[in-house]
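**Student:** okay, structure incoming, though there's no sequence with it:
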């Protein structure tokens, strides 16, 4: 595994900027250090057991058995508009996501308390949920093996700040699975500082969807069955545009992350 020393570079990127197409600079297994401190790692291929669970979860995500929040790139319009686009051969790239695990309070929605994602109450989503939990536990084992310092630090933070009922796996609170979502530049400010996210990519007949971190001039390849472990609260980052090679193409990300909203619950 190649050691990469992250060095800051000047840039003009701001939160909310649209992420342009950027070719990946990291395509092979790498471990990341910043000023001598271990901050994360990337592997271009998942270990076999983790890959099996992710394959099951991804197949379920692509099915109608798992509820999703849908978005699209571009205006959807009415049902008539959609039918006309279909007749014209114009297809918008559908985007959707599914959240599992703990959901923070949302006072603006008149819910000032945390809860567990409603997906857990959907009978047809049971296979997806089980596969994601098992994948999470395997990802934690991989963290412990590849980056024990990160594993130990995160375990301590979670045990001190997150009550057991709000944990997803042992080291996280929540999970989100994204279909074809290319994110603008942002920072995951709601995450627990000192912790990392796990981002697993499934990409078929598509290009792009790479994670780019302008502070370091680094763009990590989102190739199929790759895994990126990185502290998403630490830097502005974005996801490059996703281009479909065929109509059935997609780039999914299956993510585990720790939120800081549950300390007092």
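**Tutor:** Received, thanks. All figures in this text were calculated on a predicted structure; none of them were measured in a lab. Numbering: from 1, shown residues only.

**Student:** mind checking which helix or strand of the chain has the lowest mean pLDDT?
**Tutor:** Ranked by mean pLDDT, DSSP states H and E, the weakest helix or strand in the chain is helix 79-88, scoring a mean of 63.

**Student:** show me what counts as buried in the longest strand seen in the chain.
**Tutor:** Longest strand in the chain, counting residues (DSSP state E): strand 94-103. Buried residues in strand 94-103, defined by neighbour count with 16 or more other CB atoms under 10 Å: 95-103. Every C-beta, even on glycine, is put in place using the N, C-alpha and C of the backbone.

**Student:** between the helix ranked longest in the chain and strand 94-103, how many degrees?
**Tutor:** Using DSSP state H to define each element, the chain has its longest helix at helix 126-146. Using axes from the mean of the first three to the mean of the last three CA atoms, to 10 degrees, the direction of helix 126-146 lies 70 degrees away from that of strand 94-103.

**Student:** can you pull the buried residues of helix 126-146?
**Tutor:** 128-129, 131-140, 142-143, 146.

**Student:** so what touches stretch 22-40?
**Tutor:** Contact with stretch 22-40 is made by 1-6, 41-44, 146-147, 149-150, 196, 210, 212, 217-223, 228-231, 234, 240, as judged by CB atoms under 8 Å, 6 or more residues apart in numbering.

**Student:** in strands, which of the residues you listed fall?
**Tutor:** Among the contacts of stretch 22-40, the residues falling in strands (DSSP E) are 2-5, 41-43, 212, 218-220, 228-230.

**Student:** any chance of those residues in JSON lines, with pLDDT and neighbour count too?
**Tutor:** Shown next, in JSON lines, are these (pLDDT from 0 to 100; neighbours: other CB atoms under 10 Å):
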{"residue": "2", "pLDDT": "96", "neighbour count": "10"}
{"residue": "3", "pLDDT": "97", "neighbour count": "10"}
{"residue": "4", "pLDDT": "97", "neighbour count": "18"}
{"residue": "5", "pLDDT": "97", "neighbour count": "10"}
{"residue": "41", "pLDDT": "98", "neighbour count": "23"}
{"residue": "42", "pLDDT": "98", "neighbour count": "25"}
{"residue": "43", "pLDDT": "98", "neighbour count": "20"}
{"residue": "212", "pLDDT": "97", "neighbour count": "24"}
{"residue": "218", "pLDDT": "97", "neighbour count": "23"}
{"residue": "219", "pLDDT": "98", "neighbour count": "21"}
{"residue": "220", "pLDDT": "98", "neighbour count": "24"}
{"residue": "228", "pLDDT": "98", "neighbour count": "25"}
{"residue": "229", "pLDDT": "98", "neighbour count": "25"}
{"residue": "230", "pLDDT": "97", "neighbour count": "22"}
